[in-house]
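Engineer: Need a 3D model of the sequence below.
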Amino acid sequence: MVALIYGFLIIGLFAGGWLCWFSYSVLRMDPQLGRLALATAVGILGVGSVLTAAVGIIPWLPGPETNDQVWLLLPLVTWNLMTAPWFVFTLQYTGARPAISRRLIVALTVPVLLVPLRVGLQASPVELPPAITGFTATVVFAYVLSLVASGCYLLFRQNKNDARFSLQQGLSLSAIPIGSFLLWNLSTFEITATAMVVVFDAGTITVCAGLAGARYRYGLFNSIPAVGTLGEEALIKQTDDLMFVVDADEQVIQSNRIVVEKLDTTRSELLNSKIDDVIGYEIDEIVASETISLETSAGVRQYDSQLSAVTGPHGNRLGSVLSFRDVSDREISQQRLSVLNRVLRHNLRNRMDIVKSHAEALPSNVEEHSSSIIGAADDVVALSQQAKQIDQFVSAQESSSQVDLTQVVEAVLDRLSSTDVTVTTDMPETAMIATNQRAATSAIESVLENAVNYAASSVVVTITTSEGGYCVIISDDGPGIPVAELNALDRGTEDPLKHTTGLGLWQLKLAVMILNGDILFEIDNGTTVRIDIPDNAASEIE
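Structural biologist: All right, here's what the predicted structure looks like:
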């Protein structure tokens, strides 16, 4: 029987040695949140397991076969001592509190130290009143259990908040304190010496299994769960948006750093104010306004607002989160583009009308020059009209409507006139699709006009069904689109030294972007343009 007990103690000794090695290997890893705390907790368990096994093996020391209480208390004291660093590990690992001061660590550890103190007093001749020892034991026991329970709660909560952190990872880590505690407490019952050693081994091996699973199966420090929590905080702290949390009475409860800087105030002033006292608008006014003006340290700026409700578990509204994004530059840019666009188109059209009228009034002997002037003027007017058309479908907030692509193609062809080009169509009777009508018409018109104008003899228009919509294919036997113009489309900007010949391709590209579609050019003995137009109704159903 004694030999069997020693055999089990040797198993516990090796398991404790493995825990010590694991603690050392964690210490050698690159710095990670929770690394030192976990190494400390595992190291305490490892040293405690080795010490417990050694005490049982050495003949002249009290072992399990002597039924000595000191041997029974060794693993439990070890377990109590590891609870504080274990809790610190879960705080840092999950990101609940990544920065923990030494003062807080001491505060968490001091109550746990009462456990070995009580054991030492119990083994000494000093006798304390049973009421004091009993009360102390109850308080400390409740305290260490709360540390373990809180740490396990943080791990399981992380599984709900972070899809990368699996439930199995939380279970493997939670098995370290829970499994060892439940098994080692069995040794305090009236069981045989062999059973006590088996229970000790089972607790130590449970810790080893939990750690092995957490590290080698689920990647303990491969991806720290704290990155999600810290990243969310960084988003709020580092954003340039003004962010407020207000309660149901519109009282400011919290704000981010940029609010204090931009509004030239203090956090204490913010937390004692209502939102309308801070920014000059009530929530109803903010919601009703597209943008609002705020007096900031950089002057009066325009802000776009967003409001999100903060609700309780039963759906009751507790308050709101308000965010304000500085859109001053965007507003100025939009106004500048609007003014320039309208003024430029208006003035170009008027001036070209003057040029045409004077060119037409020139004597007949300069007919060649007047024709060139009139042709150039017509081109500029057409360019202005094209810019207007692009502006209309780009700036318009048009919702999807039912569009028959077959009718669109036929209507565009009716407007185009060419006696030298034969247009062949292969289209269904109807090709109904939910999309932006202006953009779809503009895209098809741009390609068809280019095809008819530059084709040598023939143009072929085909409409086929595609996954989630229709594909409009327009082919011509012309010279092909210059490579420089296609390269400009790929870059998304005009080259300062190599401009495209007009707005036709830009009209096509912008229209397809509005449609959330795709466009493909094939240049081979002519030009083939494929326009994939998705059906918005189909995407909404999905």
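
Engineer: Which secondary structure state does Tyr470 sit in?
Structural biologist: Three-state call for Tyr470 (DSSP: H, G, I helix; E, B strand; the rest coil): strand.

Engineer: doesn't Ala431 make contact with it?
Structural biologist: Yes - if you go by Cβ atoms under 8 Å, Tyr470 and Ala431 touch, sitting 5.2 Å apart. (Each C-beta comes from the backbone N, C-alpha and C, glycine too.)

Engineer: Need the overlap of contacts for these two.
Structural biologist: Taking Cβ atoms under 8 Å, 6 or more residues apart in numbering as the criterion, Tyr470 and Ala431 both touch Leu405, Ile463.

Engineer: dump the residue contacts of Gly478.
Structural biologist: Going by Cβ under 8 Å, 6+ apart, Gly478 touches Ala451, Tyr454, Ala455, Ala456, Gly526, Thr527.

Engineer: out of the residues you listed, which are inside strands?
Structural biologist: Among the contacts of Gly478, the residues falling in strands (DSSP state E) are Thr527.

Engineer: Which one of the contacts of Gly478 is nearest to Val197?
Structural biologist: Thr527 (85.8 Å; Cβ to Cβ).

Engineer: quick revisit: which one's more surrounded, Tyr470 and Ala431?
Structural biologist: Tyr470 (24 against 21; other Cβ atoms under 10 Å).

Engineer: now that one, which residues is it bridged with?
Structural biologist: Beta-bridge pairing for Tyr470 (DSSP bridges): Thr465, Ile533.

Engineer: Thr528 now?
Structural biologist: With DSSP bridges as the rule, Thr528 is bridged to Ser475, Glu522.

Engineer: Assess the claim that it and Val472 are in contact.
Structural biologist: No - if you go by Cβ under 8 Å, Thr528 and Val472 don't touch, sitting 11.3 Å apart.

Engineer: A helix includes Ala411, no?
Structural biologist: Yes - under three-state DSSP, Ala411 falls within a helix.

Engineer: Compute the number of surrounding residues for it.
Structural biologist: By other Cβ under 10 Å, 13 other residues sit near Ala411.

Engineer: give the contact list for it.
Structural biologist: Going by Cβ under 8 Å, 6+ apart, Ala411 touches Thr441.

Engineer: all helices of the stretch 401-542 of the chain, in order?
Structural biologist: In the stretch 401-542 of the chain, the segments counted as helices under DSSP state H, counting those that start in this stretch are 405-415, 437-454, 483-491, 504-514, 536-541.

Engineer: One more: the stretch 151-300 of the chain?
Structural biologist: Counting by DSSP H, counting those that start in this stretch, the helices of the stretch 151-300 of the chain are 167-185, 193-212, 226-238, 257-262, 267-271, 275-279, 283-288.

Engineer: Name the residue in Thr528 and Val472 with the higher neighbour count.
Structural biologist: Set side by side, Thr528 and Val472 show more neighbours around Val472, with 28 against 18, by other Cβ under 10 Å.

Engineer: Please name the nearest non-neighbouring residue to that one.
Structural biologist: Of all residues not flanking Val472 in the chain, Ile531 sits nearest, at 4.5 Å (Cβ to Cβ, 6 or more residues apart in numbering).

Engineer: before we move on, what about Leu520?
Structural biologist: Leaving aside its chain neighbours, Leu520 sits nearest to Arg530 (4.3 Å; criterion: Cβ to Cβ, 6+ apart).

Engineer: The one you found reaches Cys471, doesn't it?
Structural biologist: Yes - using Cβ under 8 Å, Arg530 is in contact with Cys471, at 6.0 Å.

Engineer: before we move on, the earlier item: tell me which of the helices of the stretch 151-300 of the chain lies nearest to Gly95.
Structural biologist: Shortest distance between Gly95 and these, using Cβ to Cβ, is found for helix 226-238: 3.0 Å.

Engineer: Check the burial of Arg530 by counting its neighbours.
Structural biologist: Counted with other Cβ under 10 Å, the neighbours of Arg530 add up to 18.

Engineer: Same question for Leu486.
Structural biologist: Neighbourhood size, Leu486 [other Cβ under 10 Å]: 15.

Engineer: before we move on, the earlier item: return the residues in contact with the residue nearest to Val472.
Structural biologist: Ala443, Ile444, Val447, Cys471, Val472, Ile473, Ile474, Leu508, Val512, Gly517, Asp518, Ile519.

Engineer: How about Tyr143?
Structural biologist: Tyr143 touches Pro111, Val112, counting by Cβ under 8 Å, 6+ apart.

Engineer: so where does it fall, helix or strand?
Structural biologist: If you go by DSSP states H and E, Tyr143 is part of helix 130-161.

Engineer: Flag every buried residue along that helix.
Structural biologist: Of all the residues in helix 130-161, those buried under the rule 16 or more other Cβ atoms under 10 Å are 136, 140, 143-144, 147-148, 151-152, 154-156, 158-159.

Engineer: quick one, that helix and helix 167-185 angle?
Structural biologist: For helix 130-161 against helix 167-185, the angle by axes from the mean of the first three to the mean of the last three Cα atoms, to 10 degrees is 160 degrees.
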